[in-house]
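S.K.: Could you work out the structure for the sequence below:
(chains A and B)
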Amino acid sequence: MWPTDSKNIRVTRQRVFLFSFLLLAVLGFFLTMILLRKPAEYYELKGFALGTYVRIVVSSKRMNPKIIAEAILDDMQRITYKFSTTDPRSVLKMLNERPDEWVDVDEETFALLKAAYAFAELTEGAFDPTIGSLLELWGFQGNYENLRVPSKEEISKTLERVGYTNVHFDEKRMRVMLKNGVKLDLGGIAKGYALERAKKIALSFDPQATGFVEAGGDIVVVGPKFGKYPWVIGVKNPRGEGIVGYIYLKSGAVATSGDYERYFEVDGVRYHHILDPKSGYPAQGVWSITVISEDAVTADVLATAGFVEAGRDWKKVVLDFPRMGGHVMLILSSGEVKKSDTFELFEKQ
Amino acid sequence: MKRKLFSRRDLWILLAVSLLLVGFFILRYYEAKGNVLIVEGTNFKKIISKPGVYDIDKEGKVVMKVEFDGERVRVIDSVCPLKVCVKTGWVKPGGTIICVPNAIVIHFEGKRDYDTETW
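M.R.: Below you'll find the model as predicted:
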């Protein structure tokens, strides 16, 4: 029983003050805890797929985000082997091993190859999905253990087996034929495709899902941060520590291509993995290109094509790419930064 | 008799509560500053908090050497062919070094002023 007789409790000014102070301190403590706590709303899953590091950050009010993230990673791993150039389960490997022959493919492969062909036409061959033999010659395939600088003769001979117009499609029977010994490599589009699928998977589980998915520095936004804020994305400095700028995305995707990671050096010369399908050598004149687009496939392809094209004519990239749906920031090998006017729209919060 | 607003005991309580709050904020500050590395592989997870040079083993074989100076971390050697992890250079709190062939991720715990990075 609670004491009803209050005579035993002396209410002094001192006690009132002490009680109020302690009450405020406790309230203040809990308020601080609430304000400083990390939003636990986002589930994060990390892993390896598509020959790179993958990070999935997703939130859903409808279901456990762990299920969404795991479904996305599973799909990315499926795409990895399906469009690999070396995996025995790969459709691409099978196509490359059966030249001059109509090969039946599934709907997904047919659609992706058609998209790759369309982008090759759009970029006038700066992006070319038939660059497989050239990448193989330089050693930029598989586990990168056979890297070397080929001779001019080897390069010119291999260039005869590069050219997207050698990919033929049989629309009625969903078949593909590779002519003149070309070999497919979807390195410049598969990551974007996997990211676009990741977004669709998340939204198919929950149309209100938010978050982003990242694969080797290419990012697709599933939905705005906490449903209303943009995701803040740093753009890596291609020649040094840290970042060179920020972009703010509530939707869409961003991709960056650079010469600073996948490269090797011989006699002080850097040879990187973004090869110019016309010259057969690593594209020159650019350190990095960042492309923002409505979808991850466009961003991925235009980042590769833009890197190649900007070495020849950077103005064309800055002026023409926005019409193709890509908003561009270039860092030229002089250190100069060039941007499409439209890119600057994403630099404001 | 006129009473004092603060007695000696009140001041002690005030001091104790203030110290607790200050301690809490200091703890939060150092947590945010980040001086812990998490090295994660397919089947292992290693936490490093003291500066030094560390060998990272995978299936009994040293695959990578990591240097941590307390404020930054870098990979100084790796058995992978392209050595992307080595080329990444020094990384500050909030940053990550990735080695795809070895399937190893080195994450430097700490806050950064952006959510992710395009590279």
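
S.K.: residues in contact with the residue nearest to the spatial centre of chain B?
M.R.: The centre of chain B sits closest to B:V36, judged by CA atoms, centre = their mean, with a distance of 2.6 Å. Shown in contact with B:V36 (CB atoms under 8 Å, 6 or more residues apart in numbering or on different chains): B:I47, B:I48, B:S49, B:F108, B:E109. (Each C-beta comes from the backbone N, C-alpha and C, glycine too.)

S.K.: again, but for B:D115
M.R.: A:V57, A:F212, A:K225, A:W231, A:V232, A:I233.

S.K.: out of those residues, which are buried?
M.R.: A:V57, A:F212, A:K225, A:W231, A:V232, A:I233 (16 or more other CB atoms under 10 Å in any protein chain shown).

S.K.: Isn't the fourth one up against A:V222?
M.R.: Right, the one you point to is A:W231. No. Taking CB atoms under 8 Å as the definition, A:W231 is not a contact partner of A:V222, at 9.6 Å.

S.K.: list residues touching both of the two?
M.R.: Contact with both A:W231 and A:V222 is made by residues A:F212, according to CB under 8 Å, 6+ apart.

S.K.: about what we covered before: of the contacts of B:D115, list those near chain B.
M.R.: Checked against chain B using CB under 8 Å from any CB of the partner chain, the contacts of B:D115 give the following subset in range: A:V57, A:F212, A:K225, A:W231, A:V232, A:I233.

S.K.: any idea what sits nearest the residue nearest in space to the middle of chain A, other than its immediate chain neighbours?
M.R.: Central residue of chain A (CA atoms, centre = their mean): A:D218, 1.8 Å from the mean position. Once flanking residues are discounted, A:D218 sits nearest to A:A255: 4.1 Å by CB to CB, 6 or more residues apart in numbering or on different chains.

S.K.: Chain B - how does it break down into domains?
M.R.: B:1-33, B:34-108 (automatic domain parsing).

S.K.: Give me the buried positions along the lowest-mean-pLDDT helix or strand in chain B.
M.R.: Between all helices and strands in chain B, the lowest mean by mean pLDDT, DSSP states H and E belongs to helix B:8-33, at a mean of 77. The neighbour-count check on helix B:8-33 (16+ other CB under 10 Å) flags B:V17 as buried.

S.K.: Can you name the next helix or strand after it?
M.R.: strand B:37-40 (DSSP states H and E).

S.K.: Against which helices or strands is that next one packed?
M.R.: Under the contact criterion of 3 or more CB pairs under 8 Å, 6 or more residues apart in numbering or on different chains; DSSP states H and E, strand B:37-40 touches strand B:45-48, strand B:61-68, strand B:104-108.

S.K.: Just the residues contacting the longest one, thanks.
M.R.: It refers to strand B:61-68. Counting by CB under 8 Å, 6+ apart, residues outside strand B:61-68 touching it are B:37, B:39, B:48, B:50-57, B:73-80, B:85, B:99, B:102, B:104, B:106.

S.K.: swap in the shortest one?
M.R.: Under the criterion CB under 8 Å, 6+ apart, residues B:V36, B:L37, B:I38, B:V39, B:E40, B:Y54, B:I56, B:V66, B:F68 lie in contact with strand B:45-48.
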